[in-house]
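Student: Pasting the sequence and the predicted coordinates here, then a few questions.
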Amino acid sequence: MIQLFNVTKSYGGESPAVKDLSIQIPKGDFVYVTGASGAGKTTFLRMLYAAEKPTRGQILINNQNITRIRSGQIPYLRRKIGVVFQDFKLLQSRTVYENVAFALEAQGKKRYEVSKKVYQALKEVGLEHRLQRKPLELSGGEQQRIAIARALVVDPLILLADEPSGNLDQEVTLDIMELFKKANARGTTVLLATHDHSLHRRFPRRVMTLDKGRLIADQQPVEG
Ligand SMILES: Nc1ncnc2c1ncn2[C@@H]1O[C@H](COP(=O)(O)OP(=O)(O)OP(=O)(O)O)[C@@H](O)[C@H]1O
């Protein structure tokens, strides 16, 4: 469960990036976060994994108040949250295997367990044959699938994706959506920030619309 109570984030400019946001997202929900460029989508997602602190208001993740989280607690929060970015953010000097294994190794998991989970996560995205490649030897779509495997390998409660298919073509976008839907079907709460309205026409889910930092619409999909 994600809960925001009157959350405002100001970077010190004229108007806040996110204004007075109050939102409840139950476990297992799938939510699109839409809005024009600069509407506050990235800021909203960044606060959920404690990359930014709200200026005012409270944020609870699974009843844990993360509003004033201490830096030592952030790694524990991030074990529950997978994040996927538009520009993948893979470590270029590491292999595909090492990129996906990283979070598990940081948690101190045993070597055989790490390799089993990494193999499963890569199989899930159809790239188990690319284990020893470096990210730049792969296509953009493959790199994003590796990034998704990295996010999902820890079985996150929440998956945050910020314009994950912004630089990718339509076919790859649909592959990626299937991966998000599968993770959601297994119980992961998914928040997907996107400009691409064709996605929610094709896969109708809850849509939250931000405008100048405010939530101006929160629509459930029409049944039927
Ligand atoms: N680190 C920062 N420092 C100062 N201002 C920022 C910072 N990050 C974002 N902003 C400002 O906050 C506002 C919201 O930006 P944000 O990136 O959250 O919007 P967005 O909806 O994700 O936009 P886009 O779709 O272009 O990525 C914008 O006016 C932006 O310029």
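Tutor: Ah, there it is. Numbers count the residues shown, from 1 in each chain.
Student: which SS class is the residue most central in space within the chain?
Tutor: If you average the C-alpha coordinates of the chain and look for the closest C-alpha using CA atoms, centre = their mean, you land on residue 160, 1.5 Å from that point. Under the three-state scheme (DSSP: H, G, I helix; E, B strand; the rest coil), residue 160 adopts strand.
Student: Confirm that residue 195 sits in a strand.
Tutor: No. The assignment for residue 195, made by three-state DSSP, is coil rather than a strand.
Student: Would you check that it makes contact with residue 32?
Tutor: No. With contacts counted by CB atoms under 8 Å, residue 195 stays clear of residue 32, the gap being 10.3 Å. C-beta: built from backbone N, CA, C; applies to glycine.
Student: Identify the contacts common to those two.
Tutor: Common contacts of residue 195 and residue 32, defined by CB atoms under 8 Å, 6 or more residues apart in numbering, are absent altogether.
Student: Look at those two and report which has more neighbours.
Tutor: Summary of the neighbour comparison: residue 195 and residue 32, criterion other CB atoms under 10 Å, with residue 32 having more neighbours (23 against 13).
Student: The ligand contacts on this protein?
Tutor: Residues of the chain lying close to the ligand by CB under 6 Å from any ligand atom are 11, 13, 17, 35, 37, 38, 39, 40, 41, 42, 43.
Student: which residues does the third one contact?
Tutor: Residue 17 makes contact with 9, 10, 11, 40, 43, 213, according to CB under 8 Å, 6+ apart.
Student: Residue 82: neighbouring residues, count only.
Tutor: Taking other CB under 10 Å as the neighbour definition, residue 82 ends up with a count of 26.
Student: er, residue 203 actually
Tutor: 16.
Student: what does residue 72 give?
Tutor: The burial count assigned to residue 72 is 7, neighbours taken as other CB under 10 Å.
Student: So what touches the helix or strand bottoming out on mean pLDDT in the chain?
Tutor: Among the secondary structure pieces of the chain, namely its helices and strands, helix 197-202 has the lowest mean (mean pLDDT, DSSP states H and E), a mean of 89. Surrounding helix 197-202, the residues in contact under the criterion CB under 8 Å, 6+ apart are 32, 34, 173, 174, 177, 192, 207, 221.
Student: Looking at those residues, state which has the most neighbours.
Tutor: residue 192 (28 neighbours).
Student: Quick check: that one vs the ligand, distance?
Tutor: Between residue 192 and the ligand the distance is 12 Å, computed by CB to the nearest ligand atom, to the nearest Å.
Student: what's near enough to touch the closest residue in space to that residue that isn't next to it in sequence?
Tutor: Nearest non-adjacent residue to residue 192, counting by CB to CB, 6 or more residues apart in numbering: residue 161, 4.7 Å away. In this structure, residue 161 makes contact with 83, 84, 180, 190, 191, 192, 193, judged by CB under 8 Å, 6+ apart.
Student: next one: residue 124
Tutor: When contacts are counted by CB under 8 Å, 6+ apart, residue 124 touches 149, 152, 179, 182.
Student: Got phi/psi on it?
Tutor: In this entry, residue 124 is assigned phi and psi values of phi -60, psi -40 (degrees, to the nearest 10).
Student: Low-confidence regions, the chain specifically.
Tutor: When residues are selected by pLDDT under 70, those of the chain lie in 224.
Student: And for the lengthiest helix in it, what's in contact with it?
Tutor: With DSSP state H setting the assignment, residue counts place helix 170-185 as the longest helix in the chain. Contact with helix 170-185 is made by 28, 30, 124-125, 140-141, 144-145, 148, 152, 159, 161, 164-165, 168, 190, 192, 196, 199, 202-203, as judged by CB under 8 Å, 6+ apart.
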